[in-house]
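# Could you look at this predicted model? Sequence included:
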Amino acid sequence: MSETNENGHVKGERDITEISELSKKGYQLLKENKIAEAMDCFNHILAVDDTNNYALVGMGDATRKRGAFREAAAYYQRCLAHHPGNNYALFGLADCYKALNQFHKAIEIWEQYLLHDDKNITVLTRVADAYRKVRDFKHSKAVYLKVLEMEEWNPYAIIGLGHLHYDFKEYRDALFYWEKMFQVNRENVDIRVLTSIGNCHRKLKTFKDGVVYFQMALQREPSNFYALFGLADCFRGMNQQDRSLEYWNRILEQDPRNKVILTRVGDACRHIGELDKAVKYYEQALNIEFDTYAVLGLAMVAKAEGRYGEADASLRRLIQQDTKNYRFYLELADCCLKRGEKHRAVEVLEEFLKTGIRNISVIEALEKIKP
């Protein structure tokens, strides 16, 4: 018995045996992460049989492991051109598209895979993840729920549903799934589950509950940025600025040039009346890069110290840069009121309403001062 490849090369029994052995050896080497040696095996096969599905998929897997996703995709595509429906080539090609952030293409390939194997939970969760990445809430949720019908406590589907609802600002639903994950493995739950639950509480403004989870995360990993940030922000939300300062400063110990955190430290100092310190932190932030909220903070300090002209000028510059930020108008109107210029305060708030945005804080402020 003999076979002929597309180039007319006749494969004898010896060739077929050698290909089989090289194929087994190549995949074993891949498992051992000996990529170059594995590729040598697959290239030897392709020299004899350039459409061999095992060798083409093997080359795709090897180059994908190296992070060469476009090159890997080409091998999988070559395989599929000669062996349509090859599950391993479909799986690898979809993973390449995912790595290249081409999620629509990844979904298309994974759905081809599911035509042959619609119960594959690994592929289903990948499809749901890809739908989530392209913000297709309906399809993403449907696929995650399909996985949970098959495997009630599948962690990838539960975590995926948490991320999905969080991304769409459905924080209570996100909390339901994150807490479900926490209950399953309370003692050894992934730290990201703890910070995700904390973030849901932060968004829902249930700050006290959020503190509990961020503290649990910090016990596991004392320098975790998300736990430190979450705790600081929760204490800020609870108006415990002195406690928030402790955690903002712990972040600055790790990342002293983080302008967002420098500005938050400035805000905390300003709220507890340490205005000189606040100015120092705002200026440090601005020395790194322009920051709107650092400029706003300096304007607020100027206003607190009675330097209304300076505050007025800063706030007007901020409004020129961002005409739709209601807070700038409120602060400028307050500045006008403190200077005894009620009519100007009214003009400022009416100027904001002309942008077409209805903001309850601006409307209430205007009702209070308008004659």
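Here it is on my side, so go on. Numbers count the residues shown, from 1 in each chain.
# Does G273 belong to a helix, a strand or coil?
Here G273 is coil, with the state taken from DSSP: H, G, I helix; E, B strand; the rest coil.
# Can you list phi and psi of it for me?
phi 90, psi 10 (degrees, to the nearest 10).
# What residues of the helix or strand that contains L46 count as buried?
Using DSSP states H and E, L46 maps to helix 35-48. Neighbour-count burial for helix 35-48 flags A38, M39, C41, F42, H44, I45, L46, V48 (criterion: 16 or more other CB atoms under 10 Å). C-beta here means a position set from N, CA and C on the backbone, and glycine is covered the same way.
# what's it packed up against?
helix 13-31, helix 53-65 (3 or more CB pairs under 8 Å, 6 or more residues apart in numbering; DSSP states H and E).
# Quick one: distance of stretch 192-205 to the chain centre.
Computed by CA atoms, centre = their mean, to the nearest Å, the chain-centroid distance of stretch 192-205 equals 14 Å.
# switch to numbering from 32
New numbering, starting at 32: the last item is stretch 223-236.
# Buried residues, that stretch. List them.
Within stretch 223-236, judged by 16+ other CB under 10 Å, the buried ones are V224, L225, T226, S227, I228, G229, N230, C231, H232, R233.
# contacting residues for V379?
Residues counted as contacts of V379 (CB atoms under 8 Å, 6 or more residues apart in numbering) are Y360, L363, A364, C367.
# these two touch, right, the first one and I394?
Spelled out, that is Y360. No: using CB atoms under 8 Å, Y360 is not in contact with I394, being 11.6 Å away.
# Start and end of stretch 295-315, how far apart?
End-to-end distance of stretch 295-315: 12 Å, with CA to CA, to the nearest Å as the criterion.
# got the contact list for the helix holding L77?
Helix 66-79 is contacted by residues 36, 40, 42, 46, 49-50, 53-54, 56-58, 60-61, 83, 85-87, 89-90, 93-94, 96-97 when judged by CB under 8 Å, 6+ apart.
# follow-up on the earlier one: please narrow the buried residues of stretch 223-236 to those residing in helices.
When DSSP state H defines the helices, the subset of the buried residues of stretch 223-236 inside them is V224, L225, T226, S227, I228, G229, N230, C231, H232, R233.
# For the residues you listed, could you give me JSON lines that also reports distance to E218?
Converted to JSON lines, these look like this (distance: CB to CB, whole Å):
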{"residue": "V224", "distance to E218": "12"}
{"residue": "L225", "distance to E218": "12"}
{"residue": "T226", "distance to E218": "17"}
{"residue": "S227", "distance to E218": "18"}
{"residue": "I228", "distance to E218": "15"}
{"residue": "G229", "distance to E218": "18"}
{"residue": "N230", "distance to E218": "22"}
{"residue": "C231", "distance to E218": "21"}
{"residue": "H232", "distance to E218": "21"}
{"residue": "R233", "distance to E218": "24"}
